[in-house]
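Chemist: For reference, the sequence and a predicted model appear below.
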Amino acid sequence: MRTLAISRIAAALLVLLCGAASAQTVTRTQQDPPNAYLIGIGDVLEVSVWKNPDLSATVPVRPDGRISVPLLGDVQAAGMTPLALKATLTDGYKEYVTAPGVSVVVKEIHSRKIYVTGEVAHPGTYDLEPRGKLMQALALAGGLTPYAKGRVVLLRDGRDGRQEKRMEVELKSIINGKKPEDNLLLQPGDTLIVP
């Protein structure tokens, strides 16, 4: 009898945990294109509710990934598409407004940054262009100095609790066409170090 009760509790916990995990990973709607922009920390959003100017606000996405909006308080935004956030806000406002017409506009993008340091002309932080690659980032940084060793170390943040990745790329193999695949597609938060 006790074993049966424990197994039922364990099954219930498993269902709750799986439900919570799937709720966190749903960031897109069916209307989103496959390459839809994902809102990130530091972005600035304009949230408007039609014919309700008191509910409209321009808000930054905080370091915890949330935004603060009137009536609803803190709402998760980072990792969602604008359409998915619109659906979440619309559902929330239905309790207060009849047929809320919510719009979400990304006013400023600050979450797509890369960092270039070492033997480059202009080390610093740069905005990551869509589909931006390693060689383009080096060009943004003004190219290599005469003291550069001809290779780049890419540090990529380990997402979802994974360990940080370290990749070393020889620039000569990209330039001479022997390994064009080494011209890696960069991700937000990548750090390029040119020794």
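Modeler: All right, it came through fine.
Chemist: quick one: contacts for the most centrally placed residue in the chain?
Modeler: The chain has Gly40 as the residue nearest its centroid, 4.4 Å off, counting by Cα atoms, centre = their mean. Residues in contact with Gly40, defined by Cβ atoms under 8 Å, 6 or more residues apart in numbering, are Val61, Ala78, Gly79, Ile109, His110, Ser111, Arg112, Pro188. Every C-beta, even on glycine, is put in place using the N, C-alpha and C of the backbone.
Chemist: Write the ChimeraX selection for whichever of those residues are buried.
Modeler: The buried subset of those, as determined by 16 or more other Cβ atoms under 10 Å, is captured in ChimeraX by this line:
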select :61,78,79,109,111,112,188
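Chemist: Show me the contacts of Gly40 that map onto strands.
Modeler: Assigned to strands by DSSP state E, none of the contacts of Gly40 qualify.
Chemist: Dump the contacts of Gly40 into a markdown table; add pLDDT and distance to Pro123 as well.
Modeler: As requested, these are exported to a markdown table (pLDDT from 0 to 100; distance: Cβ to Cβ, whole Å):
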| residue | pLDDT | distance to Pro123 |
| --- | --- | --- |
| Val61 | 97 | 27 |
| Ala78 | 94 | 27 |
| Gly79 | 92 | 29 |
| Ile109 | 92 | 22 |
| His110 | 90 | 19 |
| Ser111 | 90 | 21 |
| Arg112 | 91 | 18 |
| Pro188 | 90 | 18 |
